[in-house]
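>>> After the sequence you'll find the predicted model.
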Amino acid sequence: MEKDFNLENIKPDIRYLKDMDAVIYDKDWQQTADPETELYYMYRGLKERQGYRYDITIMFPKMLGKEFNKTKGHTHNKDYGEIYIVLEGEAIYLMQKESNGVIEDAYAIKAQKGDICVIPPYYAHFSINSAQIELKMANWVDKDCKSDYKGIQQKQGACYFYTINGWIKNPNYGNIPPLRFEQPQQSLPKELSFLEK
């Protein structure tokens, strides 16, 4: 599998702190932080294979006050899943499934270089840079997949925040199940093995 690209001459989409206003845990810190702070770069559509799009995201080792740097979080239209591969650094992938306004399931996967995380359909998901080094990760997703951020913004983030004090529940969700933990995979699912070519 191709794991790297020369990104120097490719212009990324940039996620700034001001884009994350609704989903930050540490509101006191946020009031004095620079809204133009760059949190992560997204290089989308670097290649395609059999209807799947390959992206790379680079997330900086920044703290959002008491919270570790993270993606904004989203769900997918339709029943699309997604695959993440850690290229450099260390990530925590947080997933949650909501039904009728209630979180039915929430789990996290801690992944290091070479590890693979499969996001199931219907799960909102968030990537967290849990180390003090740059996180570089790739993802494969259906090229027709669209990201929906609205529900996450309305609840002001995921059902859990990952902070210097560990996992903290987001009170905007009401009842939240205990967070469970899963292991990453070492290879792609068999039906997606063509992505390795």
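Noted; the coordinates are in hand. Numbers count the residues shown, from 1 in each chain.
>>> low pLDDT regions in the chain?
The chain contains residues with pLDDT under 70 at 1-4, 194, 196-197.
>>> let's go with 80 and repeat that
1-5, 191, 193-197 (pLDDT under 80).
>>> Point to the residue nearest the middle of it.
Most central in the chain under C-alpha atoms, centre = their mean is residue 127, positioned 2.6 Å from the mean C-alpha point.
>>> list the contacts for that residue?
57, 59, 70-71, 84, 91-93, 135, 137 (C-beta atoms under 8 Å, 6 or more residues apart in numbering). Using the backbone N, CA and C atoms, a C-beta is placed for each residue, glycine as well.
>>> Now which of the residues you listed would you call buried?
Neighbour counting over these (16 or more other C-beta atoms under 10 Å) leaves 57, 59, 70-71, 84, 91-93, 135, 137 as the buried ones.
>>> picking that back up, among the contacts of residue 127, which one lies nearest to residue 192?
Nearest to residue 192 among the contacts of residue 127 is residue 84, at 12.6 Å by C-beta to C-beta.
>>> Where does the residue nearest to the centre of the chain fall, secondary structure wise?
According to DSSP states H and E, residue 127 maps onto strand 123-129.
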